[in-house]
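K.L.:
need the 3D shape of this:
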Amino acid sequence: MGQNIKALRNRIKSVDSTLHLTKAMGLVASSKIKRANEAMLKGRSYKEALQKTINLLSNSTECQKSPYLQDRGDKRTRIIVIAGDRGMAGGYNANIFRLMRNYEGAEVIALGKRACDRYSKPFKSSEHFTSIDAYNIALSQCGDFLKGNFDKLLVVSTEYVSVMSQEPMVTQLLPIQKGEKVKSNTIFEPDELSILNLVVVEYVAGVLTALVRESFACEVTARRSAMDSAGKNATEMIEELQLSYNRARQSAITQEITEIVAGSGN
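P.N.:
Okay, the predicted model is just below:
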């Protein structure tokens, strides 16, 4: 009986320690959510503006000559995988890696410690990813695309649907996909093709930055939800263990009293 009481006491301490950890991680995630959401919304706005410009250019007759619009198939696919720097975020990282199973054999560029560890790549933080980092990657990838080193450039990231829902998604960066044709009086100088070839690097960098920021917003939101859920479960478990502990102690006390009474009768 004594061993059972000791085991329950140790278990309560262990779960209580976990509860403090989940509360701390939840508070840290909560403190980052507002800033992450603001950055995500700014990134989305910039991405939409870039997309409108690209749509106008890619639908012009002159721009059909651009190598950035040429579809070469998908035999040599290169993928930028965006995961988190940390775990304890529910299914955030697992969902990304599950989606990547559809791209076995693809060349991977990893962003986020979890992705870098999984694919044995040099560490690149997703939380502290900057527009300069994005531009350097875009410049390198656009150069490799023009050299014919790969046929398609994709980004596997996470879309922020709501506080309770974040979904993994795939975005194609290269070759550029033509959007819906819209009427416009915009005049590009010196010509559409020259402007397109110049703006592609900025477009790839802008979209990549937006996707990283949205993924990070998903990560901290998922982590807070996971820590809230873990905290509730830990609290319930402590209550159940405390009840079992009290019963065990009561039983032990009752047994001791019974033995004392029986001994005094002898």
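
K.L.:
for the closest residue to Leu196 other than its chain neighbours, what are its contacts?
P.N.:
Using C-beta to C-beta, 6 or more residues apart in numbering and skipping residues adjacent in sequence, the residue nearest Leu196 is Leu57, 4.3 Å away. (Glycine included, C-beta is placed from N, CA and C.) Each residue near Leu57 by C-beta atoms under 8 Å, 6 or more residues apart in numbering is listed here: 63, 188, 192, 195-196, 199.

K.L.:
distance-wise, check Leu57 relative to Ala138.
P.N.:
Distance, Leu57 to Ala138, by C-beta to C-beta, to the nearest Å: 17 Å.

K.L.:
picking that back up, for the residue nearest to Leu196, helix, strand, or coil?
P.N.:
helix (DSSP: H, G, I helix; E, B strand; the rest coil).

K.L.:
Pro175 reaches Gln70, doesn't it?
P.N.:
Yes. Taking contacts as C-beta atoms under 8 Å, Pro175 lies within contact range of Gln70: 5.8 Å.

K.L.:
for the two, indicate the residue with more neighbours.
P.N.:
Higher neighbour count among Pro175 and Gln70: Pro175, with 19 against 13, using other C-beta atoms under 10 Å.

K.L.:
let me see the contact set for that one.
P.N.:
So Pro175 contacts 68-72, 145, 152 (C-beta under 8 Å, 6+ apart).

K.L.:
next: Val15.
P.N.:
Val15 is in contact with 234, 237-238, 241, counting by C-beta under 8 Å, 6+ apart.

K.L.:
show me where the stretch 101-250 of the chain has its helices.
P.N.:
Listed in chain order, the helices of the stretch 101-250 of the chain (DSSP state H, counting those that start in this stretch) span 113-118, 131-147, 192-265.

K.L.:
could you say which of these is packed most deeply?
P.N.:
Mean neighbour count (mean count of other C-beta atoms under 10 Å) peaks for helix 113-118 among those, with a mean of 20.

K.L.:
average pLDDT for that one?
P.N.:
When pLDDT is averaged along helix 113-118, the result is 94.
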